[in-house]
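>>> Here is the input, now give the coordinates:
(one chain, ligands or ions: 1)
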Amino acid sequence: MHTPVLTRPDSIQRPLRHGKLILEDGTQFEGRSFGYEEGRSGEVVFSTGMVGYPESLTDASFAGQILTLTYPLAGNYGVPSQDKWEDNRIHATGLIVSNYIDTPSHAQSTMTLSEWLKQQKVPALEVKDTRLLTQHIRNHGAMLAKIVFDEDVPFFDPNQSNLISQVSTREVTISGDGPKTIALLDCGAKKNIVRCLQRRNVRIATVPWDYNLFAPDIPFHFDALLISNGPGNPKTATATIQTIRTALEQKIPTLGICMGNHLLTLAAGGDTSKMKFGHRSQNQPCIMQDSPRCYITTQNHGFVVSEVPPDFKPWFINANDGSNEGIMHVSQPFMSVQFHPEAAPGPVDTEWIFDYFLEKI
Ligand SMILES: NC(=O)CC[C@H](N)C(=O)O
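From the prediction side, this is the model:
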């Protein structure tokens with residue numbers, strides 16, 4: 001009887017190339033490379049989500065960050081086609097995993113995670129003990145780090161520069177159709193924000209982070225403002241903060257998402273600060289104020305609202321650590337959330353935030 005011979009794909013027998021993850025306090029992790037082999041530096045962060053590496057890597061909010069996945073397997077469902085990504089490229093600076101799986105199995109997979117990282121020129125290491133790395137970040141706080149191969153690279157602090165200007169769109173784009181128009185201030189917007197709005201029959205004018213929405217000659221009329229997610233330190237986006245301030249003065253309904261929560265806070269006279277190690281996962285519990293409801297949310301942020309602006313009240317509070325998860329004006333339709341109602345990846349339990357906002361317009 002014929003015995004089938006099972007051959008392992010060539011890619012499994014890939015040559016081993018080692019690299020190091022070096023933290024700013026000198027801690028080092030040896031790792032096996034499965035991405036592009038060039039040194040890079042940024043801030044090392046961890047995400048405790050179990051899925052969603054295609055969405056997270058293409059989320060511009062991760063620009064400047066080396067993303068550590070605590071779920072022990074990565075790569076096992078491959079990489080979907082570009083229309084499923086959150087932007088048309090990988091934004092994360094690097095990727096750290098425990099076990100890389102080079103034999104994906106998924107109906108929508110078009111390539112392996114390793115092939116994708118190499119194509120996109122993003123380094124990645126399999127360091128095995130991602131638990132130790134994560135405990136280290138939790139104990140000592142967020143820190144700078146670099147992935148190095150043969151040549152050393154200097155540390156780079158992404159929170160000192162305006163990263164939003166690097167990832168925002170350069171042009172005005174009109175999409176969707178409906179009686180109302182939302183101006184979307186693109187600070188690095190995930191594509192699922194526009195997809196969620198398009199499903200709700202609104203017209204969307206996506207504009208650059210520093211676009212002057214109040215210039216007399218802008219080519220569209222808008223009824224409301226949406227401020228997107230985005231990378232880095234909110235205090236560097238001074239042009240966006242100024243635009244939001246004018247929108248509030250003109251009583252334009254405004255919704256902020258994640259970076260948008262920070263920028264609305266700063267525009268309205270509140271304050272933001274950096275958290276010890278941030279929230280990155282798809283199961284962050286947020287309690288809606290004045291209600292018994294707790295929502296399970298997707299999050300990815302290192303900054304937080306530390307001072308709610310005058311005439312605003314907290315809208316959501318994190319059930320784990322009591323931090324602010326959203327604000328709402330006491331009388332005007334101005335609101336923002338720290339989590340991602342557009343999910344991608346993660347639960348869609350808070351997509352109603354879009355409906356709630358659209359009702360206010
Ligand atoms: N997802 C986001 O918009 C992140 C906001 C900001 N860059 C932070 O880290 O807090």
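>>> so how far is Glu351 from the residue nearest to Thr27 when sequence neighbours are not counted?
Excluding its sequence neighbours, the residue lying closest to Thr27 (CB to CB, 6 or more residues apart in numbering) is His136, at 6.1 Å. Where you see a C-beta, it was placed from the backbone N, CA and C, and this is true even at glycine. For His136, the distance to Glu351 under the criterion CB to CB, to the nearest Å works out to 35 Å.
>>> quick one on the thing from earlier: report the secondary structure state of the residue nearest to Thr27.
At His136, secondary structure determined by DSSP: H, G, I helix; E, B strand; the rest coil is helix.
>>> What count of nearby residues applies to it?
The burial count assigned to His136 is 18, neighbours taken as other CB atoms under 10 Å.
>>> Could you count how many residues lie near Arg170?
For Arg170, the neighbour count with other CB under 10 Å is 6.
>>> Contacts only, for it.
By CB atoms under 8 Å, 6 or more residues apart in numbering, the residues touching Arg170 are Pro208.
>>> my read is it is in a helix, agree?
No. Going by three-state DSSP, the assignment for Arg170 is coil, not a helix.
>>> which phi and psi does it have?
phi -100, psi -10 (degrees, to the nearest 10).
>>> That one and the ligand, how far apart?
In this view, Arg170 and the ligand are 20 Å apart by CB to the nearest ligand atom, to the nearest Å.
>>> What pLDDT does the model give that residue?
At Arg170 the predicted local confidence, pLDDT, stands at 97.
>>> Likewise for Val167?
Val167 is assigned 98 on the pLDDT scale.
>>> ok, now which ones touch it?
Neighbour list for Val167: Ala60, Ala63, Asp87, His91, Cys187, Gly188, Gly230, Pro231 [criterion: CB under 8 Å, 6+ apart].
>>> would CSV of those residues with distance to the ligand be doable?
Conversion of the contacts of Val167 to CSV gives the following (distance: CB to the nearest ligand atom, whole Å):
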residue, distance to the ligand
Ala60, 8
Ala63, 9
Asp87, 13
His91, 11
Cys187, 7
Gly188, 7
Gly230, 5
Pro231, 5
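>>> Among the residues you listed, which lie within helices?
Secondary structure from DSSP state H places none of the contacts of Val167 in helices.
>>> Drop anything exposed from those.
Buried residues within the contacts of Val167, counting neighbours by 16 or more other CB atoms under 10 Å: Ala60, Ala63, Asp87, His91, Cys187, Gly188, Gly230, Pro231.
>>> export those to CSV and tack on pLDDT?
As requested, the buried ones among the contacts of Val167 are exported to CSV (pLDDT from 0 to 100):
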residue, pLDDT
Ala60, 98
Ala63, 98
Asp87, 98
His91, 98
Cys187, 98
Gly188, 98
Gly230, 98
Pro231, 98
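>>> mind checking how far the residue most central in space within the chain is from Gln299?
Using CA atoms, centre = their mean, the residue of the chain that lies closest to the mean C-alpha position is Ser61, 3.6 Å off. The span separating Ser61 from Gln299 equals 10 Å under the rule CB to CB.
>>> for Ile257, same thing?
With distances defined as CB to CB, the gap from Ile257 to Gln299 amounts to 11 Å.
>>> what sits in contact with each of those two?
Here Ile257 and Gln299 share the contacting residues His340, scored by CB under 8 Å, 6+ apart.
>>> returning to what we had before: with distance to Pro347 added, can I get the contacts of Val167 in TSV?
Converted to TSV, the contacts of Val167 look like this (distance: CB to CB, whole Å):
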residue	distance to Pro347
Ala60	21
Ala63	24
Asp87	21
His91	22
Cys187	23
Gly188	22
Gly230	22
Pro231	23
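>>> With only the CA atoms kept, save stretch 162-180 in PDB.
Listed in PDB are the C-alpha atoms of stretch 162-180, where the atom choice follows Å, rounded to 0.1, in the frame of the first residue of the first chain:
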ATOM      1  CA  ASN A 162       4.700  64.800  15.900                       C
ATOM      2  CA  LEU A 163       4.000  61.300  14.400                       C
ATOM      3  CA  ILE A 164       0.500  62.300  13.400                       C
ATOM      4  CA  SER A 165       1.900  64.600  10.600                       C
ATOM      5  CA  GLN A 166       3.800  61.500   9.200                       C
ATOM      6  CA  VAL A 167       0.800  59.200   9.000                       C
ATOM      7  CA  SER A 168      -2.100  61.500   8.200                       C
ATOM      8  CA  THR A 169      -3.500  61.800   4.700                       C
ATOM      9  CA  ARG A 170      -2.200  64.500   2.500                       C
ATOM     10  CA  GLU A 171      -5.400  65.200   0.600                       C
ATOM     11  CA  VAL A 172      -9.200  65.700   1.100                       C
ATOM     12  CA  THR A 173     -11.200  62.600   0.200                       C
ATOM     13  CA  ILE A 174     -15.000  62.400   0.000                       C
ATOM     14  CA  SER A 175     -16.600  59.000   0.400                       C
ATOM     15  CA  GLY A 176     -20.000  57.500   1.400                       C
ATOM     16  CA  ASP A 177     -23.400  59.100   0.600                       C
ATOM     17  CA  GLY A 178     -26.100  60.500   2.700                       C
ATOM     18  CA  PRO A 179     -27.900  63.700   3.900                       C
ATOM     19  CA  LYS A 180     -25.200  64.600   6.500                       C
END
